[in-house]
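*Asks:* Predicted structure and sequence below. I'll ask about it afterward.
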Amino acid sequence: MNDADPHPQSASPTRISDPQLRFEARRALIWVSIVLLVGVAIYMAQALLVVFGGLVLAAIIDGGARLLGRVLPIGRGKRVGIVLLLGAAFIVWVFIFAGTSLAEEAAQFPQLVEEQAIRLFAWLRSQGLEIHPDQFTGLAQQAMGGLGQLTSAVGGIIGGFTTGFLILILGIYIALEPNLYERGVAWMLPDNRREAFLEMTGQMGFAMRRLMFGRLVGMVFEGFITWAALAIYGVPMAALLGLLTGLLAFIPNIGAVISGLLMVLVGFSGGTDMALYCVGVYFVVQTFDGYLVIPLIAKKTVDLAPALVLAGQLILGILFGILGLALADPLIAMIKVMLEYRSKHGAADPFSDDAAQQSFQPE
């Protein structure tokens with residue numbers, strides 16, 4: 001016994017002498033830790049989503065500052081300030097110069113959409129479909145409740161002010177000194193994984209900036225072209241429809257469908273010809289954006305499968321509402337970049353420091 005353990009009195013009573021048992025105990029501890037972390041993540045999911053929203057906003061601000069850096073040889077802080085001033089100027093323009101007319105249109109918009117939808121269901125009933133307007137009125141009122149929140153936000157009443165304010169503050173702080181927070185997270189990792197982590201986050205940041213640039217380009221294009229095309233034909237509420245189309249373009253798939261339905265329903269108020277014209281405008285705008293603008297951006301960033309994005313939007317939308325719906329696309333994109341990086345550099349054995357060091361070695 002003395003040969004097997006020269007210091008039997010110094011051994012801890014909790015020490016496991018069998019190497020195999022120690023390995024199994026370590027593995028069980030890791031799995032328990034993972035379960036606890038998942039539980040904490042679920043409990044803090046809303047807060048974590050707000051933090052991620054701040055990261056998305058920071059990527060937008062950072063991308064704008066980098067673009068300005070190509071033409072303005074000034075400090076980063078000044079360039080970030082210019083981007084923030086431009087964003088504030090746009091918001092002021094919407095609320096002050098366009099706010100009055102948009103607010104009036106927004107007040108009439110839910111009622112107009114409900115009336116046209118009831119007319120549509122009445123026509124369907126005349127074709128033999130048993131749909132009662134009374135049943136639809138309740139559904140329409142519920143739908144208009146959500147729509148009213150969106151239009152009231154356009155008119156000047158910002159829904160979720162606290163969440164938006166937190167995202168704004170987080171985005172500004174992170175955009176001012178992104179390397180500070182990146183190094184802070186890397187500092188909590190082992191030395192042999194910090195360089196790989198910084199490389200991976202650099203790739204994720206690059207993809208995020210490209211993705212958000214594509215989203216903003218699509219929003220501006222869809223909003224402006226929709227407004228111009230509808231205004232030329234004299235469609236009611238052309239400015240509001242253009243603004244809503246631009247805002248909803250931030251949400252792929254679902255946003256386009258919602259804006260198209262709203263456009264067609266408003267078009268029916270001016271007759272069948274106007275409704276058909278609105279359908280044509282919708283398809284032209286979405287086709288040009290979907291087959292030209294988005295593919296050009298996707299080739300230089302993260303190309304996501306539409307079904308994958310739609311599934312993520314449905315899940316996060318049910319769990320976290322409009323915030324989860326809006327952030328589903330960039331969240332899936334970042335997960336894809338991370339998984340592609342791990343796949344490219346190989347998966348590490350969680351129990352082997354040597355394997356971890358070798359797998360995370362940057363190219």
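*Replies:* Looks like it came in fine. All of these numbers come straight from a predicted model, not from anything done at the bench. Numbers count the residues shown, from 1 in each chain.

*Asks:* okay but residue 201 is in contact with residue 184, surely?
*Replies:* No. Judged on C-beta atoms under 8 Å, residue 201 makes no contact with residue 184 at a distance of 11.6 Å. C-beta: built from backbone N, CA, C; applies to glycine.

*Asks:* higher neighbour count, those two?
*Replies:* Legend: neighbour count by other C-beta atoms under 10 Å for residue 201 and residue 184, higher for residue 201 (19 against 9).

*Asks:* buried ones in stretch 181-194?
*Replies:* Using 16 or more other C-beta atoms under 10 Å as the test for burial, stretch 181-194 gives 182, 186, 193-194.

*Asks:* what does stretch 72-89 give?
*Replies:* Quick answer for stretch 72-89 (16+ other C-beta under 10 Å): 76, 79-80, 83-84.

*Asks:* wait, which of those residues is closest to residue 174?
*Replies:* For these, the residue nearest residue 174 by C-beta to C-beta is residue 80; the value is 10.6 Å.

*Asks:* Helix, strand or coil: sort out that closest one for me.
*Replies:* helix (DSSP: H, G, I helix; E, B strand; the rest coil).

*Asks:* which other residues reach stretch 268-275?
*Replies:* Contact with stretch 268-275 is made by 112, 115-116, 119-120, 233-236, 264, 267, as judged by C-beta atoms under 8 Å, 6 or more residues apart in numbering.

*Asks:* I'd like the buried residues of stretch 72-89 written out as CSV, with pLDDT added.
*Replies:* Supplementary listing: those in CSV, determined by pLDDT from 0 to 100:
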residue, pLDDT
76, 82
79, 89
80, 88
83, 90
84, 90
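
*Asks:* picking that back up, among the buried residues of stretch 181-194, which two are most distant?
*Replies:* 182 and 193 (13.8 Å).

*Asks:* Can you tell me how far the most centrally placed residue in the chain is from residue 161?
*Replies:* Among the residues of the chain, the one closest to the centroid is residue 327, at 2.1 Å (C-alpha atoms, centre = their mean). Going from residue 327 to residue 161 by C-beta to C-beta, to the nearest Å gives 18 Å.

*Asks:* likewise residue 48?
*Replies:* In terms of C-beta to C-beta, residue 48 sits 20 Å off from residue 161.

*Asks:* The two: which is more packed in?
*Replies:* In terms of neighbours (other C-beta under 10 Å), residue 48 is the more surrounded of residue 48 and residue 161; the figures are 13 against 10.

*Asks:* Residue 69: neighbouring residues, count only.
*Replies:* 13.

*Asks:* Which residues are in contact with it?
*Replies:* Residues in contact with residue 69 (C-beta under 8 Å, 6+ apart) are 76, 79.

*Asks:* can you count the residues close to residue 246?
*Replies:* Around residue 246 there are 22 residues (other C-beta under 10 Å).

*Asks:* How about it, nearest residue that isn't a chain neighbour?
*Replies:* Excluding its sequence neighbours, the residue lying closest to residue 246 (C-beta to C-beta, 6 or more residues apart in numbering) is residue 223, at 2.3 Å.

*Asks:* give me the low-pLDDT residue ranges for this structure?
*Replies:* Under the criterion pLDDT under 70, the flagged ranges of the chain are 1-18, 97-111, 113, 116, 120, 123-124, 126-160, 290-303, 346-363.

*Asks:* which residues in it form helices?
*Replies:* Remark: helices assigned in the chain by DSSP state H are 19-43, 45-69, 76-92, 99-126, 133-155, 161-176, 178-187, 191-233, 238-248, 254-267, 272-288, 294-298, 306-345, 353-359.

*Asks:* any idea which of those is most buried?
*Replies:* Using mean count of other C-beta atoms under 10 Å, the stretch among the helices of the chain with the largest mean neighbour count is helix 238-248, at a mean of 23.

*Asks:* Now flag whichever of the buried residues of stretch 181-194 is closest to residue 125.
*Replies:* residue 182 (59.8 Å).

*Asks:* so what's that closest one up against?
*Replies:* 198, 201.

*Asks:* Repeat the analysis, applying 6 Å as the threshold.
*Replies:* residue 201 (C-beta atoms under 6 Å, 6 or more residues apart in numbering).

*Asks:* That one and residue 239, how far apart?
*Replies:* 41 Å.

*Asks:* Next: residue 55.
*Replies:* From residue 55 to residue 239 the distance is 32 Å (C-beta to C-beta).
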